[in-house]
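Engineer: just coords:
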């Protein structure tokens, strides 16, 4: 009986981890799709999002990707799903950033990196408007130390 509770706990933890990107993005699109509302996730309308509702949502997403209905996701089904998501992201990007309406993005229309300015300022330690070789080296070392702290001594998450 004790093992049953332990296994149930592991399954629930796994579901919570699997649901995190889903909750963050709404569509499982890594934050690029429309966010789901609480009401959409609370499928039975009882005012709570339950593990069962998350399991049902995950099962529905799996079934949608399992186009041949065999209960397995083949390489081709996963690639097709990834290609569809990529195509949807590209369509959305063009819709958002194509200022002249020509159906393509020029370099001027492309969004810039979100944190590029702040990162440059952080690396330009002396405020000279440029990053010296010394500043560059220090920044790289700092990023390396940051990664080690998050991913263990071999670069992998512990």
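Structural biologist: Now that the structure is in, tell me what you want to look at. Nothing here was measured: the structure is a model prediction, and the numbers come from that model.
Engineer: now do residue 121: how many residues are near it, please.
Structural biologist: Applying other Cβ atoms under 10 Å, we find 11 residues neighbouring residue 121. Quick note: C-beta positions are derived from backbone N, CA and C, even for glycine.
Engineer: next one: it, what pLDDT does it get?
Structural biologist: Looking at residue 121, its pLDDT reads 84.
Engineer: that one and residue 82: what is the separation?
Structural biologist: 36 Å (Cβ to Cβ, to the nearest Å).
Engineer: try residue 143
Structural biologist: Taking Cβ to Cβ, one finds residue 143 at 29 Å from residue 82.
Engineer: okay, the closest residue to residue 99 other than its chain neighbours: pLDDT?
Structural biologist: Excluding the flanking residues, the one nearest residue 99 by Cβ to Cβ, 6 or more residues apart in numbering is residue 109, at 5.4 Å. Looking at residue 109, its pLDDT reads 93.
Engineer: kindly report the same for the one 5 residues further on.
Structural biologist: Looking at residue 114, its pLDDT is 71.
Engineer: can you tell me the SS state at it?
Structural biologist: Here residue 114 is coil, with the state taken from DSSP: H, G, I helix; E, B strand; the rest coil.
Engineer: same deal with residue 87?
Structural biologist: Here residue 87 is helix, with the state taken from three-state DSSP.
Engineer: that one: neighbour count?
Structural biologist: Residue 87 has 10 neighbours, counted by other Cβ under 10 Å.
Engineer: gap between residue 121 and residue 143?
Structural biologist: To residue 143, residue 121 is 15 Å away according to Cβ to Cβ.
Engineer: is it true that the residue nearest to residue 99 touches residue 100?
Structural biologist: Yes. Residue 109 lies in contact with residue 100 (Cβ atoms under 8 Å); the separation is 7.4 Å.
Engineer: between these two, who's got more neighbours?
Structural biologist: Each of residue 109 and residue 100 has its neighbours counted (other Cβ under 10 Å); residue 109 has more, 15 against 10.
Engineer: what about that one, which SS state?
Structural biologist: With three-state DSSP as the criterion, residue 109 reads coil.
Engineer: who's in contact with it?
Structural biologist: 97, 98, 99, 100 (Cβ atoms under 8 Å, 6 or more residues apart in numbering).
Engineer: surely residue 66 and residue 78 touch.
Structural biologist: No. Using Cβ under 8 Å, residue 66 is not in contact with residue 78, being 10.0 Å away.
Engineer: so between these two, which is more surrounded?
Structural biologist: Set residue 66 next to residue 78 and count neighbours by other Cβ under 10 Å: residue 66 wins out with 16 against 12.
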